[in-house]
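Engineer: next one to model:
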Amino acid sequence: MKTYADSASCTSGVPRPRRPIGLSVGLGLLLSLCLACSPPEDAAPDGATMGVEDGATMGGDDGGATTCGDALCEGTETCASCAEDCGECPDEPICGDARCDPTETCEDCAEDCGACPPSPEPYTHAALLARRSGFAAMVTGAGADADTDATRHVWVTSTSDAGPGSLREALSVAGRWVRFDDSLGPEPTITLTSGPIVPAADITLDGRGKHVTIMSSHTQTVFDIENDNQIFVNLEVVIDARDQNPQADCFNINGGGGDPVDDVWINHVTMSGARDKRVGVPFGADVTIDWCHMFGGTGHGVLVGCMSCSRPEVSFTTMHHNYMHDLPDRYPRVSDGHHVHAYNNVSANWAYYAMGAVRDGELVAENNWFTPGGDDTAIKASEGAHARGIVRATGNVLNGGTEEQNAPARAFTPPYAYDLDVADPSARERVVAEAGWQPASFWDR
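Structural biologist: Here you go, the predicted structure:
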């Protein structure tokens, strides 16, 4: 039963009912203006709430709740939750309406959807380390945590020989993952004019995503490797054809006259023009040279060991899936008790011989592909008056070349696991196509 107040009357003299007990203040004000001075004939029956449908929620003093269908787009109502009050949502999203619509993203409407998170590195250091092999399989370069440790990230921003932002400066501090900034363009060339670069220890020089050419100009060598734990990947290293220095090398892994060098990895590097060697490993070192392309010039390929040196440290070098052609010889040559494991390499058009071992150097040659040039000697165990080397050769395709073995039972056994491809035309074609520097599409696959 509704309860009405006893007092107050309208101008007509008929008592006007007060607002029903239980209605909100806001609704009471509205009803006080609209109700007749006496209860209408169609007043709500006993037990009902006047003017409010059963179960509906009114706004106002009850905490701000809203009702879809009251012709007011208010509170938390939107076109998506209550089109009856707020209208239909527009067909196209509106950037700036404080709502990240399904078709909006952080890239096209950061105002609604927020800023995009930083893009991941396209070429991770971890992915690079996953490809290690051979005697330098323990190399880490800038470190196993280089992806997450931003203090190791250094970008070359200048093609100058030296100074701030230069390659020489970037490689002068240990523990760096050195890459090339986009400001240099897709094909930067860095010409060295003040002597070889001597990288610090624990370095990764990473050319993935760019075509970087590092060229010497009247210097003895491009990289003089005197420190441990270094990675060089996806570069082109050139000795200027005008450089007549007979000792000019692309890489000289010499230990700097001190302790042997541990763990150097040269991967997907194109090397040309050297007057002496593409890679020299005269002293003790653990080295892997793989998927490299070496050609051109009057110099040799790879020389492991030093016949004029008295240092006793033995080098251990792995060479696999390299493409070497149009060089006089030494694809490689090993001497003086040093060890080379050469497998799945492609050698072509040499002048004197391809692979060789002398003075107790040990060569294990497996499943290589040879195409003779000026001489048909693919593998030899002697050179001139030097004492013979130790050679074990198996599974090689000679294509008319000759192969000499010597004391194969004395040759070392590689101490690591490795995948040995059958030396067939398809394997040869893959090495020819993929050895040396490779474009971004190669690394993106």
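
Engineer: I figured Ala387 hits Ala357, correct?
Structural biologist: No. Here Ala387 lies out of contact with Ala357, judged by CB atoms under 8 Å, at a distance of 10.2 Å. The way it works is simple: take the backbone N, C-alpha and C, and place the C-beta from them, glycine included.

Engineer: and these two? Which one has more around it.
Structural biologist: Comparing Ala387 with Ala357 by other CB atoms under 10 Å, the one with more neighbours is Ala357, at 34 against 13.

Engineer: just the CA trace of the helix or strand harbouring that one, in PDB.
Structural biologist: Using DSSP states H and E, Ala357 sits in strand 355-358. Extracted C-alpha coordinates of strand 355-358, given in PDB (Å, rounded to 0.1, in the frame of the first residue of the first chain):
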ATOM      1  CA  MET A 355      95.300 -29.300 -51.100                       C
ATOM      2  CA  GLY A 356      98.600 -30.300 -49.600                       C
ATOM      3  CA  ALA A 357     100.500 -31.300 -46.400                       C
ATOM      4  CA  VAL A 358     104.300 -31.000 -45.800                       C
END
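
Engineer: tell me what it is packed against?
Structural biologist: The contact analysis (3 or more CB pairs under 8 Å, 6 or more residues apart in numbering; DSSP states H and E) places strand 355-358 against strand 333-335, strand 362-366, strand 377-380.

Engineer: which of the three states applies to Glu111?
Structural biologist: Of the three states, Glu111 takes helix under DSSP: H, G, I helix; E, B strand; the rest coil.

Engineer: that one: what's its closest spatial neighbour, skipping adjacent residues?
Structural biologist: Among residues not flanking Glu111 along the chain, Gly96 sits closest, at 5.3 Å (CB to CB, 6 or more residues apart in numbering).

Engineer: got a list of what that neighbour touches?
Structural biologist: Neighbouring residues of Gly96 by CB atoms under 8 Å, 6 or more residues apart in numbering: 109, 111-112.

Engineer: filter those residues to the buried ones?
Structural biologist: Buried members of the contacts of Gly96, scored by 16 or more other CB atoms under 10 Å, are 109, 112.

Engineer: nearest to His338, of the contacts of Gly96?
Structural biologist: Proximity of the contacts of Gly96 to His338 (CB to CB) peaks at Cys109, which lies at 62.7 Å.

Engineer: okay but that closest one is in contact with Cys100, surely?
Structural biologist: Yes. Counting by CB under 8 Å, Cys109 touches Cys100, with 7.2 Å between them.

Engineer: need the longest strand for this structure.
Structural biologist: strand 261-272 (DSSP state E).

Engineer: so what strands line up beside that one?
Structural biologist: Using DSSP bridges, the strands paired with strand 261-272 are strand 230-239 (parallel), strand 285-290 (parallel), strand 293-295 (parallel).

Engineer: do you know which of those strands lies nearest Gln438?
Structural biologist: Closest approach to Gln438 among the strands paired with strand 261-272 (CB to CB): strand 230-239, 6.2 Å.

Engineer: show me the shaky parts of this structure.
Structural biologist: Scanning the chain for pLDDT under 70 picks out 1-64, 90-91, 117-121, 218-219, 241-246, 255-258, 310-311.

Engineer: ok so, going back, and the residue nearest to Glu111, that's in a strand?
Structural biologist: No. Gly96: not assigned to a strand; according to three-state DSSP it is coil.

Engineer: how much space separates it from Asp240?
Structural biologist: Gly96 sits 57 Å away from Asp240, going by CB to CB, to the nearest Å.

Engineer: list the buried residues in stretch 394-404.
Structural biologist: 396-398, 401, 403-404.

Engineer: list the contacts of it.
Structural biologist: Stretch 394-404 is contacted by residues 354, 365-372, 376-382, 391, 393, 420, 422-424, 428 when judged by CB under 8 Å, 6+ apart.

Engineer: ditto for stretch 167-187
Structural biologist: Residues outside stretch 167-187 that contact it (CB under 8 Å, 6+ apart): 125, 141-143, 146, 152-159, 161-163, 188, 190, 192, 194, 197, 199-214, 227.

Engineer: what's the spacing between that stretch and its chain's center?
Structural biologist: 14 Å (CA atoms, centre = their mean, to the nearest Å).

Engineer: which of the contacts of stretch 394-404 are buried?
Structural biologist: 354, 365-372, 377-382, 391, 393, 423, 428.

Engineer: stretch 65-73 spans what distance, first to last residue?
Structural biologist: Counting by CA to CA, to the nearest Å, you get 12 Å between the two ends of stretch 65-73.

Engineer: pull out the buried positions in it.
Structural biologist: 66-67, 70, 73.

Engineer: now for the residues you listed: which two are most distant?
Structural biologist: Once CB to CB is applied, the buried residues of stretch 65-73 give Thr67 and Cys73 as the farthest pair, at 11.3 Å.

Engineer: just want the phi and psi numbers for Asp444.
Structural biologist: phi -80, psi -20 (degrees, to the nearest 10).

Engineer: now do it against Pro122, distance only.
Structural biologist: 7 Å.
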